[in-house]
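Novice: Return atomic coordinates for the entry below.
(chains A and B)
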Amino acid sequence: MTHADEILSVKNIYKVFGPHADVAMNMVHAGASKHEVFEKTGQVIGVFDATFSVKRGEIFVIMGLSGSGKSTMVRLFNRLIEPTSGSIYLNGKEITGLSDKALLDVRRKEMGMVFQSFALMPHMSVLENTAFGLEISGISETERNKRAREALCQVGLAGHEHSYPHQLSGGMQQRVGLARALANDPTILLMDEAFSALDPLIRSEMQGELIRLQAEQKRTIIFISHDIEEAIRIGHRIAIMEGGRVVQIGTPQELINQPANDYVRTFFKGFDSSRVLKAGDVARLDPSATCRANGNLPTFAAGIDFGYLLGDHGQLLAVVDAHDDSASEAIRHHAHEQHPVYLDTPLHEVLNIAASLPYPVPVLDHHGVFRGTVSKNQLLQTLSRN
Amino acid sequence: MSEFSFLDPFQSVAIPLGDWVTHTLNFLVHHFRDVFRGIRWPIDQVLNGIEFILQSIPPSIGILLSSLLGWQLAGKRMALLCFITLTLLGLIGVWSASMTTLALVLTSVFFCALIGIPLGILCARSNRLEQVTRPLLDAMQTLPAFVYLVPVVMLFGIGNVPGVLVTIVFALPPLVRLTNLGIRQVPEDKIEAARAFGCTPRQMLTRVQLPLATSNIMAGLNQTLMLSLSMVVIASMISVGGLGQMVLRGIGRLDMGLATVGGVGLVLLAIFLDRLTQAMGARTAADPSLRWYHTGPVGLITRLYGAGRPARQPHSA
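Specialist: A predicted model of the protein is given here:
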């Protein structure tokens, strides 16, 4: 990752709640754990030595259970909560240590925030609520109303400008919350469990809207969630927090394939990983089961049931039954004859194909080059592991 | 002086609180008379202004205007209530006295709002200030009015202005308390959202906290108004005019007729003011999409001249 890709980077951030933060920090520097600090001083550590970067234009999900520090973390970015130590950089500019005035400017122009409880102003109309951030920044009424109307259009609320929050359903209220954050055209959109208070159907609809908006605008979004399905659906990368620490950061596939510890693993328990994993994640290449076609009858090492006959450029020509000596009978499969399975074919589509074939499913890349096989055993192991 | 005894130490050890107060008061009267005269001045101006206006409006015009105001604020039933209470006031022959009382009450409410709302806002921002003011407010509400009637007379003399002062002392606390409470009760998530969008403390106050605390502040104003009315009778002991004086004179002469007329006049005035201010408070809590100029006589006039309220689209709740 190059430096220019990073829009927000967090370096050794700590947040200690309590009146004796300095004592707690001294203990931490001496190597004490979060638990020891709480036992001895009664100070609660909300965020413990977090270091990571968010890339420009990605949806970065911070996930964790209640009390893991994820909501604290997102408030450190716009300093609604002051970090105890460490530094945060936005576009290379240090956020921590900004003067009050400069901080107001960052909040007004660079960061928009959406809240779990919507937090709309009951005494303002939908239009006034949407224009709230612009009004605070001192933008003229005609200009801010124009931009607010555009934002309301983006979230599908055109025509509701003169309604009041109490007249809208929860989903519509959160659309107003989203429009309010978008109207400022912020560099980063912070969303604190934005969809958690909505019912499942509306939540899924809003997730779709968010994915669509992000694809259109390429806006960087930091999304807080406790819901693994949500995180995997919308997140390009996911950071998992446990007890104030960031335990692992990676794409959904990376987290499923190489969970850093049991905590991460338990998150995916019960999650249908075949929806996230691709054939390429499971495929294994056994060189002894492949053979270059040279006009002769291919021979394979003992113990190999099926061999894969490859062309000059590595493309799959045929699958051969290694125990059968007659050449005409040997060829069981011609490349691309049936459903080809590529590296990025979702695993749940591979299940059916694997069930109908007697031999391990060959996996190709998009040039048709043979990249390995997925056997029934491998599939079962992968699915039962989670 | 007897021997000091541990069993009854108060025989020989005592704080001369009464003496201190007397000496302090004498000192203040002798050296700071001009300061207290200075305090009189603004109250005098406001009181005279309001009383002049109220007394110079003819009763029938006054009743008409009040009824229109009631209609504007809370509909036709309120208009009827205003009409009945004020007409009764006129019928029992206390119109002029009740206008004097109304002027006193409005003046004290004006100064209570001037002092109480900013003080309530400051208390909501600083826990320390709240701790300091709370016992002070308790004292203002519980200290018998007779205790401070005498010092007020010594410092300010007698008449309507000192009457307004003692009324302010008694009627101020609920406004401070309810303003403080109203601002502290603004939901934390709204405050956080406003901060996240870059509100300065001033914008926070004017755009978020005060609008959301309005119904509480209106309740405080209503309480202040009611307490001012009840204080008017006691204040009449220092020669404050109006309905209170009728009650006091009636009691003094054992003229139950006069006392009852004054008392009923106070009750009618109280009903009128209470309903009117409650309606003002309820408006802010009810449908915020309804603007004041959309209803009542003003709404009627704007509709008649074609610039009426825009048709409201149907909403799904």
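Novice: Check which element follows the helix or strand hosting residue B:180 along the chain.
Specialist: Using DSSP states H and E, residue B:180 falls within helix B:160-184. With elements assigned by DSSP H and E, the helix or strand that comes after helix B:160-184 is helix B:188-196.
Novice: Can you give me the neighbour number for residue 220?
Specialist: Looking at chain A here, since you left the chain open. Residue A:220 is flanked by 20 other residues according to other CB atoms under 10 Å in any protein chain shown. Placement of C-beta: from N, CA and C, glycine included.
Novice: could you do chain B instead?
Specialist: 28.
Novice: Setting the sequence-adjacent residues aside, check what's closest to it.
Specialist: residue B:178 (3.2 Å; CB to CB, 6 or more residues apart in numbering or on different chains).
Novice: which ones are touching the one you found?
Specialist: Taking CB atoms under 8 Å, 6 or more residues apart in numbering or on different chains, we find residue B:178 in contact with B:120, B:216, B:217, B:219, B:220, B:223.
Novice: Please repeat the previous calculation with a cut-off of 6 Å.
Specialist: By CB atoms under 6 Å, 6 or more residues apart in numbering or on different chains, the contact set of residue B:178 is B:216, B:219, B:220.
Novice: I'd like those residues as TSV, with distance to residue A:164 and secondary structure appended.
Specialist: Formatted as TSV, those follow (distance: CB to CB, whole Å; DSSP: H, G, I helix; E, B strand; the rest coil):
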residue	distance to residue A:164	secondary structure
B:216	20	helix
B:219	22	helix
B:220	25	helix
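Novice: Which of those residues sits closest to chain A?
Specialist: When the contacts of residue B:178 are compared for distance to chain A (CB to the nearest CB), residue B:216 wins out at 13.4 Å.
Novice: Quick check: the residue lying closest to that closest one once chain neighbours are set aside vs residue A:232, distance?
Specialist: Leaving out its chain neighbours, the residue that sits closest to residue B:216 by CB to CB, 6+ apart is residue B:182, at 2.8 Å. Distance, residue B:182 to residue A:232, by CB to CB, to the nearest Å: 44 Å.
Novice: same question, residue A:299
Specialist: Applying CB to CB to residue A:299 and residue A:232 gives a distance of 45 Å.
Novice: Same question for residue B:273.
Specialist: Distance, residue B:273 to residue A:232, by CB to CB: 63 Å.
Novice: For those two, indicate the residue with more neighbours.
Specialist: Legend: neighbour count by other CB under 10 Å for residue B:273 and residue A:232, higher for residue A:232 (23 against 20).
Novice: Read off the pLDDT value for the nearest residue to residue A:276 once chain neighbours are set aside.
Specialist: Excluding the flanking residues, the one nearest residue A:276 by CB to CB, 6+ apart is residue A:252, at 5.0 Å. Note on residue A:252: pLDDT of 88.
Novice: Lowest average confidence across helices and strands of the chain, where is it?
Specialist: Picking chain A for this. Evaluated with mean pLDDT, DSSP states H and E, the helix-and-strand set of chain A has its lowest mean pLDDT in helix A:327-330, which scores a mean of 49.
Novice: Actually, chain B is the one I wanted.
Specialist: Lowest mean confidence among the helices and strands of chain B (mean pLDDT, DSSP H and E): helix B:296-304, at a mean of 76.
Novice: Correct me if wrong: residue B:217 contacts residue B:182.
Specialist: Yes: Residue B:217 lies in contact with residue B:182 (CB atoms under 6 Å); the separation is 5.5 Å.
Novice: for chain A, what are the low-confidence residue spans?
Specialist: Chain A contains residues with pLDDT under 70 at A:1-4, A:295-298, A:324-339, A:385-386.
Novice: Quick check: the residue nearest the centre of chain A vs residue A:216, distance?
Specialist: Closest to where the C-alpha atoms of chain A average out (CA atoms, centre = their mean) is residue A:235, at 2.3 Å. Remark: distance between residue A:235 and residue A:216 (CB to CB) = 18 Å.
Novice: Read off the pLDDT value for residue B:305.
Specialist: Residue B:305 is assigned 74 on the pLDDT scale.
Novice: Can you report how many residues lie near it?
Specialist: 8.
Novice: before we move on, what about residue B:153?
Specialist: 16.
Novice: Which of the helices or strands spans it?
Specialist: Element membership for residue B:153 (DSSP H and E) is helix B:145-156.
Novice: Show me what that helix is packed up against.
Specialist: Helix B:145-156 sits against helix B:160-184, with contacts defined as 3 or more CB pairs under 6 Å, 6 or more residues apart in numbering or on different chains; DSSP states H and E.
Novice: avg pLDDT for the helix it packs on?
Specialist: Helix B:160-184 shows a mean pLDDT of 94.
Novice: How far away from the center of its chain is it?
Specialist: Distance of helix B:160-184 from its chain centroid, counting by CA atoms, centre = their mean, to the nearest Å, is 6 Å.
Novice: Spit out the contact partners of residue 12.
Specialist: I'll assume chain A. Contact analysis of residue A:12 by CB under 6 Å, 6+ apart lists A:49, A:51, A:86.
Novice: other chain: chain B
Specialist: residue B:4.
Novice: how near is it to residue B:6?
Specialist: Residue B:12 sits 11 Å away from residue B:6 when distances are taken as CB to CB.
Novice: Same question for residue B:158.
Specialist: From residue B:158 to residue B:6 the distance is 48 Å (CB to CB).
Novice: okay, the two: which has more neighbours?
Specialist: The residue with more neighbours, out of residue B:158 and residue B:6, is residue B:158; 14 against 5, by other CB under 10 Å.
Novice: Count the neighbours of the residue in the stretch 1-150 of chain B that chain A sits nearest to for me.
Specialist: The stretch 1-150 of chain B approaches chain A most closely through residue B:127 (14.7 Å), counting by CB to the nearest CB. Counted with other CB under 10 Å, residues neighbouring residue B:127 total 10.
Novice: Okay, now the unreliable bits of chain B?
Specialist: The model of chain B has pLDDT under 70 over residues B:1-2, B:283-293, B:306-317.
Novice: if we go to 50?
Specialist: Scanning chain B with the threshold set as pLDDT under 50 gives B:308-317.
Novice: what about residue A:14, neighbour count?
Specialist: Per other CB under 10 Å, the neighbour tally for residue A:14 reads 21.
Novice: no no, residue A:245
Specialist: By other CB under 10 Å, the burial measure for residue A:245, its neighbour count, is 18.
Novice: what are the bridge partners for it, then?
Specialist: Residues in a beta bridge with residue A:245, per DSSP bridges, are residue A:242.
Novice: near chain B, which residues of chain A?
Specialist: Contacts of chain A with chain B, taken as CB under 6 Å from any CB of the partner chain, map to A:78, A:80, A:104, A:107-108, A:113, A:115, A:117, A:119, A:123, A:133, A:136, A:163-164, A:167.
Novice: Repeat the analysis, applying 8 Å as the threshold.
Specialist: Contact residues, chain A versus chain B (CB under 8 Å from any CB of the partner chain): A:78, A:80, A:104-108, A:111-113, A:115, A:117, A:119-123, A:125, A:132-133, A:135-137, A:159, A:162-164, A:167-169, A:180, A:184, A:190.
Novice: from these, which ones fall inside helices?
Specialist: The helices, defined by DSSP state H, take in A:104, A:105, A:106, A:107, A:108, A:132, A:133, A:135, A:136, A:180 from those.
Novice: could you dump those residues to TSV with neighbour count?
Specialist: Output for these, formatted as TSV (neighbours: other CB atoms under 10 Å in any protein chain shown):
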residue	neighbour count
A:104	19
A:105	14
A:106	20
A:107	24
A:108	21
A:132	24
A:133	31
A:135	21
A:136	21
A:180	31
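Novice: And those, which is closest to residue B:197?
Specialist: Distance to residue B:197, by CB to CB, is smallest for residue A:133 among those, at 4.1 Å.
Novice: Contact partners for the closest one?
Specialist: Counting by CB under 8 Å, 6+ apart, residue A:133 has contacts A:108, A:112, A:180, A:181, A:183, A:184, B:197, B:198.
Novice: looking at those residues, which has the most residues close by?
Specialist: residue A:180 (31 neighbours).
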